[in-house]
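Visitor: fold the following, please.
(2 chains)
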Amino acid sequence: MNTNPARGMRDFLPDDVRRRQYVMSVIADVYQRYGFEPLETPAVENIETLMGKYGEEGDRLIFRILKRGEEGKTGEADLALRYDLTVPLARVVAEYRERLPKFFKRYQVQPVWRADRPQKGRFREFYQCDVDAIGSTSLVVEAELLGAAAEVLERLGFSAFTIRLNHRKALGGLLEAAGVAVAKHGEALITLDKLDKVGPDGVTAELASRALLAEADAANLVQLFATGGAATNDDVLRRLRTDMKGHEAGLRGVSELEDIVRLSDASRARGRIRLDPSLARGLSYYTGSIFEIAVPDLTGSLGGGGRYDELVGMFLGSQVAACGISLGLERILVVMNARGMFPPVVGATAAQVMVTIWNADTVADAIRLAGELRTAGLRVDVYPDTDKIGKQVKYADSRGIRFVTIVGTDETTRGEVAVKNLSTGEQQLMPRADVATFIRKHG
RNA sequence: GUGAGUGUAGCUCAGUGGUAGAGCUCCGGAUUGUGGUUCCGGCUGUCGCGGGUUCGAUCCCCGUCACUCACCCCA
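Guide: Modelled structure (predicted):
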């Protein structure tokens, strides 16, 4: 019997869970400080809720749940595992619009599923840590979201991350100005997004081979997108304005970018923002700003997001502005594990003290002593078997438990408890009532 | 969905055409009230699965599955 978890899924042993919980607690804490409220939604959504929201490739990667019974044979699906947390949020907003505040700010940390092929930092089940603000088109939203995400990463110990920023309207303007048919924009964006991977010539060739543009035009377009790493945000803005050739919507996008940079300078994201005309992002629901968080030592991104002012409208009929950012828990953990970025307390042990059992007659008293120490606020383990004391102590040591208590016949007659500190080897007798205080003081 | 690599004890890995080893872990013990060092002893494997070549395959060939990496796409 094969006992591996299903492909792309993982078990989390206690050490893993402690690390994950540490990261999630920092994320939740920071998000709450920014006024975001928690939300949870079901793992399973009706399939039509999800279909058509993520683009062609996204639809393909949705985990479908076959209908039960006869229909199972047809391969027909009516339910699916959620693919991200953004679309479920849009559904929730559409469903509860009247009950939710005018500006609904929520964070959500839950698993999502993608029928992808696993590789480094990429799994079929993974946690997203989303923050989104619903109900405002103000760019204050962008600045706050970027500030919150930057603060999370800083608190976790990341120093060398950058936030790539771009705008769908600016992208659209550039493409139109260059002569790409509107219907082909999505395809062109995905191709241009590969600029940092395949280089200008590669992208030019792909644009031409996909018949999106003639080769000469393609080369020109690529030229526009290839900013060169040294370009400052101001340089990029200037160039965008020129290349837009008066395209109205595109120019509006550029102004928004300018404002986002300016406002973000007043947030924790200050100095992190790098305007990048080649950033496209595959999800089809983005309508305005788009961003992606990058660190040098990971090929993929740590997180991404953007503005999606039309997604809620797909459920509700009327438009509701929305913008959000998502951090990938696993991506963060991959980097933090590789760099050993966890504070020592995260590696800490389950119990602070282990109560040994002297013999069969004192089992109940051991339980009683453990109870007293727990009442005093300690994390306490009780050795379950009446093994030799040496074996019990050895076990405590192997588990990294700092203290053991021993109550043998001598101690019992004196009404005391022997407390041994396994990291120093010191042992001393003390009244039962003093044990908890002693351990707390020396632990 | 495409391509490449790997698949041997719980873990990390070695190995040979004649049905397998090391280190670590684990378990037991070293004058029965005390761990970390040391010493002694011990356990475990259908050598991923199925088929083929061969007198014989863990080792060669084919298939298959799993994992890893890359592409696609993405957190």
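
Visitor: C-terminal to the host helix or strand of A:D78, which secondary structure element comes first?
Guide: Assigned by DSSP states H and E, A:D78 falls within strand A:77-81. Sequence order places helix A:86-96 as the next helix or strand after strand A:77-81, per DSSP H and E.

Visitor: picking up where we left off before, got a list of contacts for the strand holding A:D78?
Guide: Applying CB atoms under 8 Å, 6 or more residues apart in numbering, the contact partners of strand A:77-81 are A:43-47, A:50-51, A:62-67, A:112-113. The C-beta positions use only the backbone N, C-alpha and C, and glycine is treated the same way.

Visitor: partner strands of that strand, with direction?
Guide: Strand A:77-81 sits in its sheet next to strand A:44-46 (antiparallel), strand A:64-66 (antiparallel), going by DSSP bridges.

Visitor: tell me which residues of that strand are tucked away?
Guide: By 16 or more other CB atoms under 10 Å, the buried positions in strand A:77-81 come out as A:A77, A:L79, A:A80, A:L81.

Visitor: likewise for stretch A:423-439?
Guide: Buried residues in stretch A:423-439, counted by 16+ other CB under 10 Å: A:R432, A:V435, A:A436, A:F438, A:I439.

Visitor: need the contact list for the last one.
Guide: Looking back up the chat, that one is A:I439. Shown in contact with A:I439 (CB under 8 Å, 6+ apart): A:Q352, A:V353, A:L373, A:L378, A:R402, A:F403, A:V419.

Visitor: any weak-confidence spans in chain A?
Guide: A:1-2, A:69-75, A:227-230, A:282, A:347-348 (pLDDT under 70).

Visitor: A:R379 contacts A:A370, correct?
Guide: No. Counting by CB atoms under 8 Å, A:R379 stays clear of A:A370, with 10.4 Å between them.

Visitor: which elements pack onto whichever strand or helix holds A:I367?
Guide: Using DSSP H and E, A:I367 sits within helix A:363-375. The helices and strands touching helix A:363-375, judged by 3 or more CB pairs under 8 Å, 6 or more residues apart in numbering; DSSP states H and E, are strand A:353-355, strand A:380-382, helix A:435-442.

Visitor: now do the buried residues in the helix or strand following the second one.
Guide: Meaning strand A:380-382. Downstream of strand A:380-382, the next assigned helix or strand under DSSP H and E is helix A:389-398. Residues of helix A:389-398 classed as buried by neighbour count (16+ other CB under 10 Å): A:I389, A:Q392, A:V393, A:Y395, A:A396.

Visitor: now swap in stretch A:264-275 and tell me
Guide: Buried residues in stretch A:264-275, counted by 16+ other CB under 10 Å: A:S264, A:S267, A:R268, A:A269, A:R272, A:I273, A:R274, A:L275.

Visitor: can you check stretch A:369-389 too?
Guide: Neighbour-count burial for stretch A:369-389 flags A:L369, A:A370, A:E372, A:L373, A:L378, A:V380, A:D381, A:V382, A:Y383, A:T386, A:I389 (criterion: 16+ other CB under 10 Å).

Visitor: burial count for the residue in the stretch 51-200 of chain A that RNA strand B sits nearest to?
Guide: Per CB to the nearest atom of the strand, A:K120 is where the stretch 51-200 of chain A lies closest to RNA strand B, at 3.1 Å. For A:K120, the neighbour count with other CB atoms under 10 Å is 9.

Visitor: just to check, it is in contact with A:V334?
Guide: Yes. Counting by CB under 8 Å, A:V334 is a contact partner of A:K120 at 7.2 Å.

Visitor: circling back: could you dump the strands paired with strand A:77-81 into a markdown table and include distance to A:N4 and mean neighbour count?
Guide: Formatted as a markdown table, the strands paired with strand A:77-81 follow (distance: least, CB to CB, whole Å; neighbours: other CB atoms under 10 Å):
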| stretch | distance to A:N4 | mean neighbour count |
| --- | --- | --- |
| strand A:44-46 | 24 | 15 |
| strand A:64-66 | 22 | 15 |
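
Visitor: okay if I get the ones you listed as TSV plus distance to A:R10?
Guide: Putting these into TSV (distance: least, CB to CB, whole Å) gives the following:
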stretch	distance to A:R10
strand A:44-46	20
strand A:64-66	21
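
Visitor: can you add distance to RNA strand B and give the ones you listed back as JSON lines?
Guide: As requested, those are arranged in JSON lines below (distance: least, CB to the nearest atom of the strand, whole Å):
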{"stretch": "strand A:44-46", "distance to RNA strand B": "16"}
{"stretch": "strand A:64-66", "distance to RNA strand B": "13"}
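
Visitor: and the gap between the residue nearest to A:G52 when sequence neighbours are not counted and A:S284?
Guide: Distance criterion CB to CB, 6 or more residues apart in numbering; nearest residue to A:G52, sequence neighbours excluded, is A:D59 at 6.8 Å. Using CB to CB, to the nearest Å, one obtains 10 Å as the distance from A:D59 to A:S284.
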